[in-house]
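1. Okay, predicted coordinates and the sequence, questions at the end:
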Amino acid sequence: MIILGIDPGSRITGFGLIDNQAHRIEYVHSGSIRVGADSLTERLGQIFSEIEDVIRQYQPQQMSIENVFMARNADSALKLGQARGAAICAGHNAGLEIAEYAAREIKQAIVGTGAASKEQVQHMVKRLLGIRHDLQADEADGLAIAICHAQFYATRQKTGLDSSQFKRRRSSRR
């Protein structure tokens, strides 16, 4: 099963695709969408269009995306949320199952601590996928989100829980 991970941004949106197999995950492709337009409307349109192109080319079955966190700057958080929305709409239009994860959940799944640095995430993504070439931070984050989803998906399969039951059970243990 091919999983598309998205690290949304209003200027740079990172993405990564992995092939989630029974006992291993394999790197498929990764990259970033660098939006050059000045108008937010044009930037959102470009994110939507380029995510649609990635979906058409690689045919993922599932998509995972990072949740918006509340930054100090409310305007930045709103733009990030709109970029997320553009990516989610592209996945929804393609009929993909879409999962959302908080940044701390992703870091915990990849590195083992929710307080991991970007460099630690990049290092572990490269190790987990056997990647020898350098990764940009945004594409490494896209791959990390896809790997995080693969791990949660595997747990859901083993436990027989759907995602809403799994999240509820997981949060009740805290």
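-> Structure's in. What do you need? Residues are numbered from 1 along each chain as shown.

2. who does the helix or strand encompassing residue 5 pair up with?
-> Remark: residue 5 resides in strand 2-7, with elements defined by DSSP states H and E. Pairing partners of strand 2-7, with direction, according to DSSP bridges: strand 12-20 (antiparallel), strand 62-66 (parallel).

3. Identify each buried residue in it, please.
-> Using 16 or more other Cβ atoms under 10 Å as the test for burial, strand 2-7 gives 2, 3, 4, 5, 6, 7. Placement of C-beta: from N, CA and C, glycine included.

4. so which of the strands paired with strand 2-7 comes closest to residue 75?
-> Nearest to residue 75 among the strands paired with strand 2-7 is strand 12-20; the distance by Cβ to Cβ comes to 17.3 Å.

5. Now the closest one - C-alpha only, CSV.
-> The C-alpha coordinates for strand 12-20 follow below in CSV (Å, rounded to 0.1, in the frame of the first residue of the first chain):
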residue,chain,number,x,y,z
ILE,A,12,7.0,25.1,1.0
THR,A,13,4.9,21.9,1.2
GLY,A,14,6.9,18.8,1.7
PHE,A,15,5.7,15.3,0.6
GLY,A,16,6.9,11.8,0.8
LEU,A,17,5.6,8.5,-0.5
ILE,A,18,6.4,5.1,1.0
ASP,A,19,5.3,1.6,0.1
ASN,A,20,4.0,0.0,3.4
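
6. Average pLDDT for it, rounded please.
-> The average pLDDT within strand 12-20 is 96.

7. pLDDT below threshold where in this structure?
-> For the chain, residues meeting the criterion pLDDT under 70 lie at 69-71, 155-174.

8. Can you identify each of the helices in it by residue range?
-> 40-58, 74-93, 103-111, 118-129, 137-159, 163-172 (DSSP state H).

9. angle of the third one against helix 118-129?
-> Pointing back at helix 103-111 there. Counting by axes from the mean of the first three to the mean of the last three Cα atoms, to 10 degrees, helix 103-111 lies at 50 degrees to helix 118-129.

10. Check which helices and strands helix 103-111 sits against.
-> On a contact count with 3 or more Cβ pairs under 8 Å, 6 or more residues apart in numbering; DSSP states H and E, helix 103-111 meets helix 118-129, helix 137-159.
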